[in-house]
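J.: I'll drop the sequence and a predicted model, then ask my questions.
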Amino acid sequence: MKILYLHQYFNTNKNRGGTRSYEFSKALIENGCYIYMISGKDINKKEIDFLKNIEIYSTKTKYSNSMSYMRRILAFMHYIIKSIIIGIKLKGIDIVFATSTPLTIAIPGYILSKIHRSKFIFEVRDVWPDIPIGVGVLKNRLLIVLLKKYEYFVYKKADHIIVASEGMYKNLINKGVSKDKVTVITNMANLYLVDSIKKSKTKIKEYNGFKDKFICIHSGSMGFVNGLDYILNVAKLIEKINRNIIFILIGEGKEKESLKRRKNKENINNVIFMDILPKKELFFLLKAADIGVMIVKNYKILQDNSANKFFDYLAVGLPILINYGGWQKEVLESHKAGFSCSATNFHDMAKKILYLRRNEKLLEKMSKNSRALAEDKFSRSICCNKLVNIFKNL
């Protein structure tokens, strides 16, 4: 089976960012498929563990979360045009697999599936345009109507749709998409990559210069919807009580510089900013941490997300503190792998961090529950087997 895989932000374990498509490609190849991957950026083939049965093409599309909205739109258009030009030249395609974001990835996906007379699978990682509408970024009524019609067209034309959470599944069903057409495959906990790191937490802390520190970590985007001022509020409050508790924020985004300015202006000395890290390096740092933190602004639509960091924290065995509701909160609480905190009252999270700092036995128990949750519900094999079955059935 030959698969044309479209992912503008494709990464390997040695790149910075999510690696879901990397693991999916590997699983499909392990099950006899041949992959043509069209990425937006250049990928060094030396970074890929499975060189057989995969060809990687690049549209050389420049993109950054710090870009203006107009520059992002131009980047999306660049990828659409270039991926179609590349995709037309490929032969014998059986399935076109397009993964969002951005939602615009469905355009080359659908066009190339028609050109090759192949099946079309569309993967929804964020429900658009619901998110920009829900958080108030998108207000133009005409544009909203057009985007919703486009969204409906994509769902109608796809032979199968993959979503990353139960909340996204319900969203699509409520829009009239057939249940038989939609499968939930959450992001995965990369256990094998974590287990390749043999050093103890104590040694990793010493290596990073965090000896005797209690580390709360947040890895991921630093954009408007992430609301990371909440963490600075928590850190500022805790610094007055315990200076050995520190907060590490890893990632990029439009709000990063303003957050750093606030940290310096208010002398919040227990917060450390780091640039986004390749997956292997990220896990090395996560293994030094004591708590993983999940923050978003208080918008209900964001509760359906399936953030990579949630699964990274579980893979490492971090207790997780989350300041929003939805399926992730329910999973954490039912498996006693973390605490939910108030979305608006940062004092609540500060109290829970201080409580866990004082209760080593509870922290250790939550850590074990977190890892067990990764193994039982979100392992690579569980997620990839679901994917492979979809392709086989089509």
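T.: Arrived safely.

J.: rest of the way, CA atoms for contacts and neighbours
T.: Noted.

J.: surely Tyr63 meets Met77?
T.: No - Tyr63 lies out of contact with Met77 (CA atoms under 8 Å); the separation is 11.4 Å.

J.: Which residue ranges make up the domains of the chain?
T.: Following automatic domain parsing, the chain resolves into domains at 2-188+379-393, 191-377.

J.: ends of the shortest one, how far apart?
T.: What it means is domain 191-377. Across domain 191-377, the terminal residues are separated by 12 Å (CA to CA, to the nearest Å).

J.: Kindly reformat the domains of the chain as CSV containing mean neighbour count.
T.: Formatted as CSV, the domains of the chain follow (neighbours: other CA atoms under 10 Å):
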stretch, mean neighbour count
domain 2-188+379-393, 18
domain 191-377, 18
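
J.: can you put those in CSV and add mean pLDDT?
T.: Below are the domains of the chain laid out as CSV (pLDDT from 0 to 100):
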stretch, mean pLDDT
domain 2-188+379-393, 90
domain 191-377, 94
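
J.: Tell me if I'm right that Ile38 and Thr61 touch.
T.: No - between Ile38 and Thr61 there is no contact under CA under 8 Å: 11.0 Å.

J.: shared neighbours, those two?
T.: Listed as contacting both Ile38 and Thr61 by CA atoms under 8 Å, 6 or more residues apart in numbering is no residue at all.

J.: which other residues reach the longest helix seen in the chain?
T.: Taking DSSP state H as the criterion, the chain has its longest helix at helix 69-88. Applying CA under 8 Å, 6+ apart, the external contacts of helix 69-88 come out as 4, 6, 8, 38, 40, 57, 59, 61-64, 102, 104-105, 107-108, 111-112, 115-116.

J.: can you check stretch 187-197 too?
T.: For stretch 187-197, contacts defined as CA under 8 Å, 6+ apart pick out 20, 164, 280, 283-284, 306-308, 311-312, 314-316, 374-375, 378-380, 383.

J.: Repeat that for stretch 218-227.
T.: Here stretch 218-227 makes contact (CA under 8 Å, 6+ apart) with 135, 228, 247-256, 276, 292-297, 308-309.

J.: mind listing which of the residues you listed are in helices?
T.: 256, 308-309.

J.: Go through the residues you listed and name the one nearest Tyr169.
T.: Nearest to Tyr169 out of those is Asn308 (CA to CA; 18.0 Å).

J.: for Thr59, what are its contacts?
T.: Under the criterion of CA under 8 Å, 6+ apart, the contact list for Thr59 reads 38-42, 78-79, 82-83.

J.: And Gly317, by the same measure?
T.: Gly317 neighbours (CA under 8 Å, 6+ apart): 367-372.

J.: possible to save those residues as TSV with secondary structure?
T.: Listed next are the contacts of Gly317 as TSV, based on DSSP: H, G, I helix; E, B strand; the rest coil:
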residue	secondary structure
Ser367	helix
Lys368	helix
Asn369	helix
Ser370	helix
Arg371	helix
Ala372	helix
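
J.: State whether Phe97 is indeed within a helix.
T.: No - per three-state DSSP, Phe97 lies outside any helix segment and is strand.

J.: Contacts only, for it.
T.: Here Phe97 is in contact with 3-6, 109, 120-123 (criterion: CA under 8 Å, 6+ apart).

J.: and it, how far is that from Phe120?
T.: Per CA to CA, Phe97 is found 6 Å from Phe120.

J.: Overlap in contacts, the two.
T.: Contacts common to Phe97 and Phe120, judged by CA under 8 Å, 6+ apart, are Gly109.

J.: quick one: contacts for the spatially most central residue of the chain?
T.: When the chain is reduced to its mean C-alpha position, the nearest residue by CA atoms, centre = their mean turns out to be Asn308, at 3.2 Å. With contact taken as CA under 8 Å, 6+ apart, Asn308 is in contact with 18, 187-188, 220.

J.: what does Lys14 give?
T.: Going by CA under 8 Å, 6+ apart, the list of residues near Lys14 reads 47, 278-280.

J.: what secondary structure does it sit in?
T.: Using three-state DSSP, the structure places Lys14 in coil.

J.: From Glu47, how far out is it?
T.: Lys14 is 6 Å from Glu47, by CA to CA.

J.: re earlier: could I get the contacts of Gly317 as CSV with distance to Arg243?
T.: CSV is the format used below for the contacts of Gly317 (distance: CA to CA, whole Å):
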residue, distance to Arg243
Ser367, 23
Lys368, 27
Asn369, 28
Ser370, 26
Arg371, 28
Ala372, 31
